[in-house]
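Student: Everything below, folded, please.
(2 chains)
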Amino acid sequence: MLSSLIGKQMKMLLRNKQPLIILLVMPVVLITILSTALASVMNNEEEMAIQARLVLVDESSWEQEEASIRSFLAKQGLNGPALDGVINEFKRNDPIYILENSILVSEDVSNYIVLEKKQTVVLKEMRKDKEIDGILTIPSNFRSNYIKSAYFEDNQTPELELLLSQENEIRASIIQSIIDSWQTGYTKSLALSKAGIAPSVVIQSNQAVEKIEQVLEEGERKIPASMYYTVGMLVMFALYTPAFLSGFALQEVQWKVYDRLILAGIPATLYACSIFLTGTAVAVIQQAILLLFGRFVLGIDWIGLDAMLVIVLSYSLFVGGLSAFLTTIQLRTKSEGASTVFTGFVVSVFSFLGGSFFNIGDVSSLLANIGNFTPNGATMTAILSIQKGRELEVIWSHLPVLYAWLGLCVLLAIILFPKRGVTS
Amino acid sequence: MLQAINLHKKYKSKEVVRHINMRLATGESVGLLGPNGAGKSTTISMLSSLIMPTSGEVIWDEQSINKNPEALRKVLGVVPQEIALYPELSAKENLHFFGRIYGLKGKLLAKRTEEVLQKIGLTDRQNDIVKTFSGGMKRRLNIGAALLHKPSILIMDEPTVGIDPQSRAYILDTVKQLVEEGMTLLYTSHYMEEVELLCDKIYIMDQGEIIAYGTKEALKSLVSDNQTIELQAHLLSSEFEEVLQNKFPTATIRKVEQTLSISLPKNEEPLATIFALAASNDITITSAVIKIPSLEDVFLHLTGRALRD
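Tutor: Have a look, this model is predicted:
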C-alpha cells in the first residue's frame, strides 16, 4: 500500500517537467555559473582565510653580538683577515637574517603567514591575543651560540622559543612547519660546516611551502567555489521538494482523488507517511545526483563519505518531514498559500542565512550563527566542515539542529493532519 | 440497505442540507434529481462517509456509518463529478493504482483491470496518458476506477457532465448494464432523462431539501392526471373545435394560431376518434403530439422554477 503511494508520487514528479527543472536542472545550471563566475574571488578568500599570524620577537641583533663573537673568535686564535673572513662567511649564512628577510617574506610563504616583528613583548599580554597563532622568540645570544656550535663544536646549541596558539591547530601547524623547515636548514648548514664543507644556504622557501601544503592536506582543505556552490545549491534546492509534494497532495484533494484514497480505506496517517518517505527519497536522490555531478563534471573530490552519508540522510529526513508538514498545512487551508509563501519567502531567507549564495560569515558573524540554526545552514556547514578534512565528530554539533526541525515538522504534521478527509 | 436518517449539514452558519431521509434497498436504482447547488453532492458525500453530517445518521447494514465508515467503504464505489484520476499516468496505471489501494494484487489485479478496461471500452487506449484523453474517455475511466473492487453499491455524481452525446450514450448503456447485473445505484444528475432512463425511484432535491420522492409515475402524477394533445392541421375551424368539444365534454380545448391544444384525462385514448372526426370534416391533420408530464414539469410544478435554471 505504502509502496503504491510512494511509487505513484514518484511517477507524478518524474512526469512533470517543472519539478524536474527546478529540482535538477536549475541547481546544475546555477552551480556551473556560480562556481565559474566566483571561482577567483572565492579561491582568494580561502587562501586568506588560512593565513597564520606569527609574531617574531628578535631579542638578538648582529650589532649587539658582534663584539662578543669577535672576542670569542680571537680567543680561538683567529686574528686579522682570517677573523674577518669567518665573520663575513657567517654574516652571509646568518639563519635569523635568512628567516626574517628571505623565508618569511617570500611570496609563497607570505600567502600563509603574516609576519609581525617586535623587539620585546610582554608574553602574558600577547598570549591573550587570540588573533596571534604563534610567537617565535630568538634569544639575545642565538648568533654567538650558533657560531660556537657551528665552527668550534661548542656544546651550547642555539635555542629558540616557539609558542603556538591552541585556538587554531591548522594555523599553528603552518607556523610549526615553517620553523621546522628553517631549523632543519640551519642544522644541515651546521653539519656541512663541521664536515669542512663551506656552508651554503640550505633553507629554501619552497621547501617550507611544500611543508605548509602538506599540513593543509593533512588538516584543513581549501574549499573551491565549485564545491561551495554545489553544497549551497544542493541544500537550497532540496527545499523545493516539499513544495512540489504538497502541491500534488492539494491537487489530489481538488481532483477528489484523495476521496478515493480515503474511501479505499487508506488511513490519513499512512498517506502522510507516504509523503514523508517520498520527500526523503526524492531528497536523497536529488542530493546524490548533484554530488555525482560535482564529482564527475566539476572534478570535486568528496572526502569523508561516511560522515557525508550521515548528514545527507539526516537532511533528507528533514526534507521528508517538511513535506508532510507543508502538505498538512495545504490540506488544512485547502489553498496553495503555504507553498507559495514557503518557496517565495522561507526558502530565500533560509538560503541567504544558510550561506547558499555567499559565505554569510563574511558579512556578519551573528547572521552566520543564526544561519547555522536553519536546517540548510546546519547541513551546509557540516558538509563543508567534512570537506575541509575535519573529523566526523564535527557534524554532531549540527545534527541536533536538523533533528529538532525534523521533530517539529513531524509533530505538527501528526497533530494537524486532517484525519477523516478533506471534502467540503 | 443504505439509509439516511434526518441528515443535516451546516458550514459555519449556513445550513446547506437539511432533513434528508433516504432509503436505498439492495439492487435498487435510485435517482437524486435537482438543480446545481441543490445539495446533491453534499448529500452523497455524507452517504458515502466522506463528510460527517452535522446531525442525523447514515445506516448501512444496521451499522452507523458515522461511527464505523469502513463497513460501507469496502462495498462502495463512488464516481465523483470531478475527474478523479492522475492525468500524468496512463489508463492502466491509474486502474492498477486504484486497484492496489483496494488491496488487489498480482493476477487478480491484472484480471480486474482488463475486465474494467473492457467494460469502459478503453482496452486499446490503456497505455495512453490520461491527459491526452477526450472528456468522454476520462469520464469512462473515472467510472472504471470505481468498479475495480467489484462494489455492490455505486454512487455516481453527475457522471455525464460536459461530454459529447456519443460518450454520454456509452456511459448510460454501461450504467444500465450494471443495474441489470444487480448493482445498487444512486445516480445524481440534473438531466432528468438520464434519471428517468436508469432509475426506479427518484428523490427530487431543491435548496438543500428533498421536496418529493417516489416512482417516476407517482411523481408525474403530482403534476396532473391529464394528458395534452397538440394538433396541427390545415383549415382548422371553430366548427371543428365545437365537434371535438361535443365528443369530449370533459376536455379543455384552446386554439393558438394553427395549433389546437386538447387537454383531457389520461385514461382516455382519443387519437383514433380525433382523426376520424377530422376526416369527416375535411380537415387534414399534419401532426399530433401527445404530451405527458415530464420530471421537468414535476420540478416546475413543485418549485415554480425550471430544473436547469
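Student: where does the stretch 101-250 of chain A dip in pLDDT?
Tutor: Scanning the stretch 101-250 of chain A for pLDDT under 70 picks out A:120-121, A:123, A:150-157, A:190-220.
Student: And the residue of it that's closest to chain B?
Tutor: The stretch 101-250 of chain A approaches chain B most closely through residue A:248 (9.3 Å), counting by CB to the nearest CB. Yep, even glycine has a C-beta here, placed from its N, CA and C like the rest.
Student: For that residue, which non-adjacent residue is spatially closest?
Tutor: residue A:12 (5.3 Å; CB to CB, 6 or more residues apart in numbering or on different chains).
Student: repeat for residue A:233
Tutor: residue A:27 (4.0 Å).
Student: Verify the stated contact: the one you found with residue A:236.
Tutor: Yes: counting by CB atoms under 8 Å, residue A:27 touches residue A:236, with 7.5 Å between them.
Student: so where do the strands sit in chain B?
Tutor: According to DSSP state E, chain B carries its strands in the segments B:2-11, B:14-24, B:29-33, B:55-60, B:63-64, B:76-79, B:153-157, B:184-189, B:201-206, B:209-215, B:226-233, B:252-256, B:259-265, B:285-291.
Student: got the ones you listed as TSV, with mean pLDDT columns?
Tutor: Conversion of these to TSV gives the following (pLDDT from 0 to 100):
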stretch	mean pLDDT
strand B:2-11	92
strand B:14-24	92
strand B:29-33	93
strand B:55-60	93
strand B:63-64	90
strand B:76-79	94
strand B:153-157	94
strand B:184-189	92
strand B:201-206	91
strand B:209-215	91
strand B:226-233	82
strand B:252-256	82
strand B:259-265	83
strand B:285-291	85
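Student: Can you lay out those as TSV showing distance to chain A and mean neighbour count?
Tutor: Below are the strands of chain B laid out as TSV (distance: least, CB to the nearest CB, whole Å; neighbours: other CB atoms under 10 Å in any protein chain shown):
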stretch	distance to chain A	mean neighbour count
strand B:2-11	7	18
strand B:14-24	10	17
strand B:29-33	17	26
strand B:55-60	13	18
strand B:63-64	15	14
strand B:76-79	6	25
strand B:153-157	9	23
strand B:184-189	14	24
strand B:201-206	18	23
strand B:209-215	20	17
strand B:226-233	43	18
strand B:252-256	48	12
strand B:259-265	46	17
strand B:285-291	40	13
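Student: for these, which one sits closest to residue A:263?
Tutor: Closest of the strands of chain B to residue A:263 is strand B:76-79, at 5.8 Å (criterion: CB to CB).
Student: Show me what the closest one is packed against.
Tutor: helix A:257-263, helix B:135-147, strand B:153-157 (3 or more CB pairs under 8 Å, 6 or more residues apart in numbering or on different chains; DSSP states H and E).
Student: Select, out of the ones you listed, the one closest to residue A:189.
Tutor: helix A:257-263 (82.9 Å).
Student: Return the residues in contact with the residue of the stretch 101-250 of chain A closest to chain B.
Tutor: Residues near residue A:248 by CB atoms under 8 Å, 6 or more residues apart in numbering or on different chains: A:9, A:12, A:13.
Student: Nearest to chain B among those?
Tutor: residue A:12 (5.5 Å).
Student: Show me the residue at the heart of chain B, geometrically.
Tutor: Nearest to the geometric centre of chain B sits residue B:195, at 2.2 Å (CA atoms, centre = their mean).
Student: so how far is residue B:163 from that one?
Tutor: For residue B:195, the distance to residue B:163 equals 17 Å [CB to CB, to the nearest Å].
Student: What segments of the stretch 101-250 of chain A are strands?
Tutor: Counting by DSSP state E, counting those that start in this stretch, the stretch 101-250 of chain A has strands at residues A:113-118, A:134-138, A:161-164.
Student: I'd like those written out as TSV, with distance to residue A:31 and mean neighbour count added.
Tutor: Below are the strands of the stretch 101-250 of chain A laid out as TSV (distance: least, CB to CB, whole Å; neighbours: other CB atoms under 10 Å in any protein chain shown):
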stretch	distance to residue A:31	mean neighbour count
strand A:113-118	33	15
strand A:134-138	38	22
strand A:161-164	38	16
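Student: would you turn the ones you listed into CSV with distance to chain B?
Tutor: Formatted as CSV, these follow (distance: least, CB to the nearest CB, whole Å):
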stretch, distance to chain B
strand A:113-118, 60
strand A:134-138, 63
strand A:161-164, 63
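Student: Format these as CSV; extra columns: distance to residue B:91.
Tutor: Converted to CSV, the strands of the stretch 101-250 of chain A look like this (distance: least, CB to CB, whole Å):
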stretch, distance to residue B:91
strand A:113-118, 71
strand A:134-138, 74
strand A:161-164, 73
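Student: and residue B:90, what does it touch?
Tutor: The contact partners of residue B:90, taken as CB under 8 Å, 6+ apart, are B:126, B:127, B:128, B:129, B:130.
Student: hey, what's the closest residue to the second one other than its chain neighbours bridged with?
Tutor: When you say that, I think you mean residue B:127. Excluding the flanking residues, the one nearest residue B:127 by CB to CB, 6+ apart is residue B:90, at 5.1 Å. Beta-bridge pairing of residue B:90 under DSSP bridges involves residue B:129.
Student: how much space between residue B:90 and residue A:104?
Tutor: 72 Å.
Student: swap in residue B:208?
Tutor: Distance, residue B:208 to residue A:104, using CB to CB: 91 Å.
Student: Repeat that for residue A:238.
Tutor: Distance from residue A:238 to residue A:104, by CB to CB: 45 Å.
Student: higher neighbour count, those two?
Tutor: residue A:238 (28 against 21; other CB atoms under 10 Å in any protein chain shown).
Student: and the gap between the more buried one and residue B:251?
Tutor: 82 Å.
Student: Residue ranges in chain B under the pLDDT threshold?
Tutor: Checking chain B against pLDDT under 70 turns up B:224, B:267-268, B:304-309.
Student: how about a cut-off of 50?
Tutor: Residues of chain B meeting the criterion pLDDT under 50: none.
Student: Could you pick out the residues of the stretch 251-400 of chain A near chain B for me?
Tutor: A:254, A:255, A:256, A:257, A:259, A:260, A:261, A:262, A:263, A:264, A:265, A:266 (CB under 8 Å from any CB of the partner chain).
Student: Show me the helices in the stretch 301-424 of chain A, by range?
Tutor: A:305-333, A:337-341, A:347-354, A:365-371, A:375-387, A:399-416 (DSSP state H, counting those that start in this stretch).
Student: so who does whatever residue of the stretch 101-250 of chain B ends up closest to chain A touch?
Tutor: Closest contact between the stretch 101-250 of chain B and chain A, by CB to the nearest CB, is at residue B:101 (4.2 Å). Contact partners of residue B:101, counting by CB under 8 Å, 6+ apart, are A:1, A:4, A:5, A:260, A:261, A:264, A:265, A:266.
Student: where's it relative to residue A:267, distance?
Tutor: Distance, residue B:101 to residue A:267, using CB to CB: 11 Å.
Student: just residue B:138 next, same as before
Tutor: Taken as CB to CB, the span from residue B:138 to residue A:267 is 28 Å.
Student: swap in residue A:396?
Tutor: 36 Å.
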